[in-house]
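[1] Just a sequence and a predicted model for now, questions to come.
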Amino acid sequence: MSDRREFMAEPPRSGEHGMSDRREFMAEPPRSGGHGMTDEWVSFSRRGVTELVHLKGEIDLANANDIGRAVVARTTEASAVLIDLTAVSFLDSAGVRLLDFIVGDLDDRGKPIRLVVGERGAARMTLQLCAFRADLLATDLDRAAAELER
Amino acid sequence: MSESGGPDVTQELRLPWDDDPEDLYEHAPCGYLTTLPDGTIVRVNETFLNWTGYSRSDLIGLKRFRDLLTKSDQIYHETHYAPLLNMQGEVHEIALEVVRSDRQAVPTLVNSVLERGPTGVPRIIRTMVFNATERRSYERELLSARRAAESSEQRVRVLQRIVADLAAAPTEAEVAEAVVRAPEPAFQATSSSIYLVDTDSDRLIAVASTDPTTGNWDDMPRSSTRAVAEVARRGDLHVVGTVAEAEEHFPDLAESMRRSERRSVVLLPLTTGPADEQAGMNVLGVLAFSFREERVLTDGELRVIRLLGQQAGQALDRARLYDDARRREERSSFLARTTRALDEEHRLLQRARRLVERVVPEIADWALIRLQVGPAGLVEHHGGPAPDPARIEQRTAEAVETAAPVFATDGDALGCTVLPLIVRGRVLGTLAVRMAPDRRGAEAERLFLIDLADRIALACENARLYEQERAIARTLQRSLLAADVPGADPRFAVETHYQAAAQDMEVGGDWYDAFLITANKLAVVVGDVVGRGIEAATTMGQLRSAIRALASAENGPARLLEDLDRFCDRVDSARMATLVYAEIDLLSSEVSYACAGHLPPLLHEPAGSPTYLLEGRSAPIGSRAGDRRRVEHRMRLAAGSRLLLYTDGLIERRNRPIDRGFETLAREYARLRDAPLKGLTASLADTLVGRDHGDDVCLLCLTLGAEERLERSIGADPLQIALLRADMRGWLAGHGVDTDCLNAVLLACSEAVANSIEHGYADDPFGVVDVSATISAETVEVRVTDRGGWRGGTEPPTDFTRGRGLQLIYESMDEVAFDRGGEGTTVTMRRHRTTA
């Protein structure tokens, strides 16, 4: 338990949430040594110009901020982003907020993004319940990547 | 009356005793005087004139009797003699000294009678004078004899007191102090000084003086030509009566006598052994005393002086033995205490640290230990100021190269001794110490330091080996405990925790294990091997493997213990290991367990309080004295039961009875009943043992089946939500809830708890969120309660982010109800199970 505490983000404070997404993920650069802190949940790879973000495990209020910082640091300059959520076993609204921010950022820059989720599972359920746009979701990583490269 | 004094031939012949009265008067054996009342001599006999040398004409009518007396007796005559005679008419045996014509005083005894006339008027005084010269000299002799006796008595008294002082003086310094005080009262010496022989430095040390300004009062080699050294070598009494005598034999003494105005000096060796045999005699010091005048010592005084020399010598000898014994005792006690103190520390760095802290300040004011271990070596030092680094480096190099101590010597600028620490012929390092100058040089001190270095070397080598072994044992144990515990089975969950003893303890032999014997039979075990270190770790590994190999679907716990008893015949180190072993039938929820000398498992069923399982007990593995008839106990566990296995480190404390330990554990276990299983064992260890504990602790907690009703309380900490989710996931799976429903309930529950933490307890880090869940064939109901003051709304979702959370709750559950009372908020959520 104590080693998990190290990964804990500052709990977001009420009242800031609505307008604070950008600030929370962007204001600070990833903390020094921050790359190691979120390795349990995030890894990255590249396919052509597409930045691949692999998430796994449970993403919730306790770790979403740290994961968000790590991801944004890699995607903010990317031409295309593919977020692989197939190994995510739990996703809560804090995770949704993180994804929402990244999608918004890429949309604003006119860059494509896809979220790969399984046919079933916790991540798909949460995203569907939040009514994420169907064009964002994919089930097959390779096909989604190929689409982005076009 | 004839004036011629010759016999009167005109008288008729008489018998010889028929004295002529006139002749009798003139030649009586005493003097006769007749005086007027004013003392004027009017008649005197021949005898008196003979004694005093006066002629009759010198006296008659010219002198008064008192004129013939000494000055002091004239006063006495006026104040005593005359008044007494006047009052009493006579005086007897008055001692008066008569001054002869040649000015010599003659002691006399005087009787006088005053004759009065018919009217009572004094007429004449008749005085009879006895010569008392003889008697006086006798008295004088008597007096001087008494004085001599008195002075001898005083001397004896002084010496007796000194001897008593000597007997009571426990140290050399106190003996010296007592001896140096003797000559002044005993012999009226002007001053005295004492020198003691120091055999180690071969010098005479000036230790005490009643007047250090006199003489040449300082240390000297025993070979010195000075008088004191000469006397110490010869071992006999020297009386130097005059400066001239000193000049002849000891020029240095003559010089200092002149300078300090002394006329006589006595140099007395302080000796042990027979006084008359030069050979067996041992000189321990010299007492020198001197006189301002030329002093002749009587034979009696010389005898007493010699006696003083022997008495003082013996006292010194005894005190030296005492001093030696005490120092020896101090040194051996220091060695013993140091060895004991080092034994309390097992680790190398701590031992080295403790060591220098013991050496300083007890025997040295600075100490440094250097050990050649590891790439950088190890250096610990204490005290100060540190000596010159270059010099100490050089001396250290010398000690290492020669593998022999380099001792500090007098006049040594560094003043440090460096001792090599040698074990099995190898120089492990060095110990450098700076001791007080008076502790340098002595042979006994050197032997002590060598002994100390030997012990330190051994202690450091043992600690080094210990470190090595410890590292291996730790690695071995970690690898064995890290083996995977079965999970991902909704029928049970296992949580384990191992906490090593506080950093300086050796690895213990505690272990836990959990494995599936068959698809439907789980085995759990917690045990404790006797001993510590690498052997315990190895044995633990062997026992663990043996249990895995021996467990079978058919055998059961009692048979397994019997097999382990036989195993001990081959692996003796496993003997007396204790363990608790349980097999759980995952289909029937039946548990069967056996305790081999181990602490009883603690069971908490969903209803009721924790109970210790006291059945199925027998002796430790391989015990020869204990009851080895192996028994087991079988019982059915209610779904949701938690079974805790643990080692004694969890509850045993030196300062409390074990009953209290059991009570405390049961209470804490009950308190954590609603805590998620994940983290439960760590939390128990944390609460019961804390960080600074002296023993290893091993815990294994097994949850069996899914309780009817899930009750959990978690702290207002986002990290706790994941722990709660783990329990709830297991519980839902245990009740056969389908995946979609399970994920939906987990999501809603997580969001509700997150809401409570973020809004209810925004300002209260110690808040608690209670979660309870019930299940029926149709629905799952989850209730999340906090006691915080909410800010922001619940319904409809106005806050964008939390709003998304609330939206998720509404979307994923079929019924949602918020109850915001004064005490806090309760969210009740219900979802229909899609398939029953």
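    Yep, that arrived.

[2] Quick check: nearest residue in space to A:L52, chain neighbours excluded?
    Closest residue to A:L52 apart from its sequence neighbours, by CB to CB, 6 or more residues apart in numbering or on different chains: A:S45 at 4.4 Å. The way it works is simple: take the backbone N, C-alpha and C, and place the C-beta from them, glycine included.

[3] how many neighbours does the one you found have?
    Around A:S45 there are 11 other residues, counting by other CB atoms under 10 Å in any protein chain shown.

[4] where's it, which helix or strand?
    Take DSSP states H and E as the rule and A:S45 turns out to sit in strand A:42-47.

[5] And the next helix or strand past that strand?
    Next in sequence after strand A:42-47, counting helices and strands by DSSP H and E, comes strand A:50-59.

[6] Mind listing residues that contact that next one?
    Contact partners of strand A:50-59, identified using CB atoms under 8 Å, 6 or more residues apart in numbering or on different chains, comprise A:40-46, A:67, A:71, A:74-75, A:78-85, A:87-92, A:94-95, A:98, A:145, A:148-149, B:722, B:725.

[7] ditto for stretch B:679-697
    A:1, B:495-502, B:505, B:507-510, B:642, B:644, B:646-652, B:654, B:664-665, B:668-669, B:672, B:675, B:699-701, B:723.

[8] Is it possible to mark the buried ones in those?
    Among those, those classed as buried by 16 or more other CB atoms under 10 Å in any protein chain shown are B:495-501, B:505, B:507-510, B:642, B:644, B:646-651, B:664-665, B:669, B:672, B:675, B:699-701, B:723.

[9] now the strand holding A:S45 and strand A:50-59, what's the angle there?
    160 degrees (axes from the mean of the first three to the mean of the last three CA atoms, to 10 degrees).

[10] Got a ChimeraX select line for the buried ones in the contacts of strand A:50-59?
    Here is the ChimeraX command that selects the buried residues among the contacts of strand A:50-59 (16+ other CB under 10 Å):
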select /A:41,42,67,71,74,75,78,80,81,82,83,84,85,88,90,91,92,94,95,98,145,148 /B:722,725
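
[11] quick one: low-confidence parts of the stretch 501-650 of chain B?
    B:502-506 (pLDDT under 70).

[12] where does chain B have its least confident helix or strand?
    helix B:133-168 (a mean of 77; mean pLDDT, DSSP states H and E).

[13] mind checking pLDDT for the residue positioned nearest the centre of chain A?
    When CA atoms, centre = their mean is applied to chain A, the residue found nearest the centroid is A:L99 (4.6 Å). Here, the pLDDT recorded for A:L99 equals 91.

[14] residues contacting it?
    Neighbours of A:L99 in contact, by CB under 8 Å, 6+ apart: A:I83, A:L115, A:L127, A:F132.

[15] how about B:A315, secondary structure?
    Here B:A315 is recorded as helix under DSSP: H, G, I helix; E, B strand; the rest coil.

[16] I'd like to know how many residues surround it.
    B:A315 has 26 nearby residues by other CB under 10 Å.

[17] ok, it - contacts?
    Shown in contact with B:A315 (CB under 8 Å, 6+ apart): B:L166, B:A167, B:A169, B:V175, B:A178, B:V179.

[18] Return the members of the residues you listed classed as buried.
    Among the contacts of B:A315, those classed as buried by 16+ other CB under 10 Å are B:L166, B:A169, B:V175, B:A178, B:V179.

[19] thought the fourth one was touching B:A169?
    Yes: taking CB atoms under 8 Å as the definition, B:A178 is a contact partner of B:A169 at 5.4 Å.

[20] Would you pull up the residue in the stretch 551-700 of chain B closest to chain A?
    B:G679 (4.8 Å; CB to the nearest CB).

[21] Around that residue, how many other residues sit close by?
    For B:G679, the neighbour count with other CB under 10 Å is 21.

[22] can I assume B:V485 is in contact with B:A523?
    No: using CB under 8 Å, B:V485 is not in contact with B:A523, being 11.3 Å away.

[23] In helices, which of the contacts of strand A:50-59 appear?
    A:I67, A:V71, A:R74, A:T75, A:A94, A:G95, A:L98, A:A145, A:L148, A:E149, B:A722, B:R725 (DSSP state H).

[24] Show only the entries of the buried ones among the contacts of stretch B:679-697 found in helices.
    Judged by DSSP H, those include B:T664, B:L665, B:Y669, B:L723 as members of helices.

[25] of those, list those near chain A.
    B:L723 (CB under 8 Å from any CB of the partner chain).

[26] which two from the ones in helices among the buried ones among the contacts of stretch B:679-697 end up farthest apart in space?
    Pairwise distances across these peak at 23.7 Å for B:T664 and B:L723 (criterion: CB to CB).
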